[in-house]
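Peer 1: Output the structure for:
(chains A and B)
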2 protein chains.
Amino acid sequence: MKIINTACVAHTPYLNLMTSSYEDDKGNVKAWEWVERVGQQNAVVIAALHKGLLVVIKEFRVPLQDYEWGLPAGLIDHGEDPEVTVRRELHEETGLTVNKFLRPISPLIYNTAGMTNEGVHMAFVEASGAPSRDLLGESEDITTHLMSQDEVKALMQQNVKFGAKAYLVFERFATHGDI
Amino acid sequence: MKIINTACVAHTPYLNLMTSSYEDDKGNVKAWEWVERVGQQNAVVIAALHKGLLVVIKEFRVPLQDYEWGLPAGLIDHGEDPEVTVRRELHEETGLTVNKFLRPISPLIYNTAGMTNEGVHMAFVEASGAPSRDLLGESEDITTHLMSQDEVKALMQQNVKFGAKAYLVFERFATHGDI
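Peer 2: Predicted coordinates for the structure are as follows:
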């Protein structure tokens, strides 16, 4: 497949709706629609252990019109080192502090590459401190839950909405007790 | 947070660009932009073991303008049972056949709920057969790779692009040898 041309067909302050024309394997020219964040901003997602408990958040998500159970996360500011974003976002969203990175932060990995070029770095950290809502932004409706292996297993049986990456981390934690 | 109104501000054949007005915790009215697939179509993602090897695909992704290493996946046709989608998409993308589901298919989990309401069901299966490209669509540029634990570990060290859910499955397979 060969991309011929890419153009922005609609834009809003935060999202651009894009279309790329491409030539498929049989030489047909087709269009692929996709979305990018303005400034191609990416994010971090944080799997954190706090004295052996998993740091889980429940956050209101406008596109779902509902709460989602997931992991602390946030957009990387322009020029920011992703490890700095991890420390900042964990603190802002949960009040907790990163003690150490359990392994190197992941490369940029892609959330749903058929729809968007948005990527995230996954971080695996050890955290400390007491959960707090004091640093939440006005548009953030988040509660923090420190959960044992059994509590995560029980949460996964509930009829609630989960983030996809969080769900896979929850499964690993529920099965193996690690992240 | 309370959603006041949701409207479509731009649409193309496959994607709708949406905006929701909402009231934050301080009573301010703000806008959140997001994307939905036309018909709110969701997808399946398939972690498959083939005689103990992980079924990995390399697929060209227009939004990345590059190849992505990931897991077989595909959109759920309107009214289709997700388990049927899993059998169909694994066969179409890789030529392989689903022998059995290793555990129940996941609920709908959300790829990046700040940007879109698109969800996926994760399936964990045992597969058999020989990889084949005979059933690929004209817009699918995919190769199938059956990889050992050591091969997945080595792949994760390469400077290539990975799907996010795939990366977490790869990590678990590389660490524990299971999915």
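
Peer 1: now the end-to-end length of stretch A:17-37.
Peer 2: End-to-end distance of stretch A:17-37: 9 Å, with CA to CA, to the nearest Å as the criterion.

Peer 1: which of the residues in stretch A:21-29 are buried?
Peer 2: Buried residues in stretch A:21-29, defined by neighbour count with 16 or more other CB atoms under 10 Å in any protein chain shown: residue A:22. Quick note: C-beta positions are derived from backbone N, CA and C, even for glycine.

Peer 1: now do stretch A:104-121
Peer 2: Buried residues in stretch A:104-121, counted by 16+ other CB under 10 Å: A:105-121.

Peer 1: Looking at those, which are in strands?
Peer 2: Among the buried residues of stretch A:104-121, the members falling in strands (DSSP state E) are A:109, A:110, A:119, A:120, A:121.

Peer 1: What segments of chain A are strands?
Peer 2: According to DSSP E, chain A carries its strands in the segments A:2-11, A:15-23, A:29-37, A:43-50, A:53-61, A:66-70, A:73-75, A:97-101, A:109-110, A:119-128, A:142-147, A:161-163.

Peer 1: can you list those strands in a markdown table and add mean pLDDT and distance to residue B:87?
Peer 2: Below are the strands of chain A laid out as a markdown table (pLDDT from 0 to 100; distance: least, CB to CB, whole Å):
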| stretch | mean pLDDT | distance to residue B:87 |
| --- | --- | --- |
| strand A:2-11 | 95 | 32 |
| strand A:15-23 | 96 | 29 |
| strand A:29-37 | 96 | 26 |
| strand A:43-50 | 98 | 30 |
| strand A:53-61 | 98 | 31 |
| strand A:66-70 | 97 | 29 |
| strand A:73-75 | 97 | 33 |
| strand A:97-101 | 98 | 40 |
| strand A:109-110 | 98 | 25 |
| strand A:119-128 | 98 | 30 |
| strand A:142-147 | 97 | 34 |
| strand A:161-163 | 98 | 24 |
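
Peer 1: Make JSON lines out of the ones you listed and add distance to chain B.
Peer 2: Converted to JSON lines, these look like this (distance: least, CB to the nearest CB, whole Å):
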{"stretch": "strand A:2-11", "distance to chain B": "3"}
{"stretch": "strand A:15-23", "distance to chain B": "5"}
{"stretch": "strand A:29-37", "distance to chain B": "4"}
{"stretch": "strand A:43-50", "distance to chain B": "8"}
{"stretch": "strand A:53-61", "distance to chain B": "4"}
{"stretch": "strand A:66-70", "distance to chain B": "5"}
{"stretch": "strand A:73-75", "distance to chain B": "8"}
{"stretch": "strand A:97-101", "distance to chain B": "15"}
{"stretch": "strand A:109-110", "distance to chain B": "4"}
{"stretch": "strand A:119-128", "distance to chain B": "6"}
{"stretch": "strand A:142-147", "distance to chain B": "10"}
{"stretch": "strand A:161-163", "distance to chain B": "5"}
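
Peer 1: Show me the one of the ones you listed that comes nearest residue B:25.
Peer 2: Closest to residue B:25 of the strands of chain A, according to CB to CB: strand A:53-61, at 9.9 Å.

Peer 1: Tell me the helices and strands packed up against the closest one.
Peer 2: Using 3 or more CB pairs under 8 Å, 6 or more residues apart in numbering or on different chains; DSSP states H and E, the elements in contact with strand A:53-61 are strand A:43-50, strand A:66-70, helix A:82-94, strand A:142-147, helix A:149-156, helix A:164-176.

Peer 1: most packed of the ones you listed?
Peer 2: Using mean count of other CB atoms under 10 Å in any protein chain shown, the stretch among these with the largest mean neighbour count is strand A:43-50, at a mean of 24.

Peer 1: mind saving the C-alpha coords of that one as PDB?
Peer 2: The C-alpha coordinates for strand A:43-50 follow below in PDB (Å, rounded to 0.1, in the frame of the first residue of the first chain):
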ATOM      1  CA  ALA A  43       0.000  10.400  26.400                       C
ATOM      2  CA  VAL A  44       1.300   8.300  29.300                       C
ATOM      3  CA  VAL A  45      -0.600   5.500  31.000                       C
ATOM      4  CA  ILE A  46       0.600   4.500  34.500                       C
ATOM      5  CA  ALA A  47       0.400   1.100  36.100                       C
ATOM      6  CA  ALA A  48       1.400   1.800  39.700                       C
ATOM      7  CA  LEU A  49       1.800  -0.500  42.800                       C
ATOM      8  CA  HIS A  50       1.400   1.100  46.200                       C
END
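
Peer 1: Which residues are in contact with residue A:103?
Peer 2: The neighbours of residue A:103, taking CB atoms under 8 Å, 6 or more residues apart in numbering or on different chains as the test, are residue A:124.
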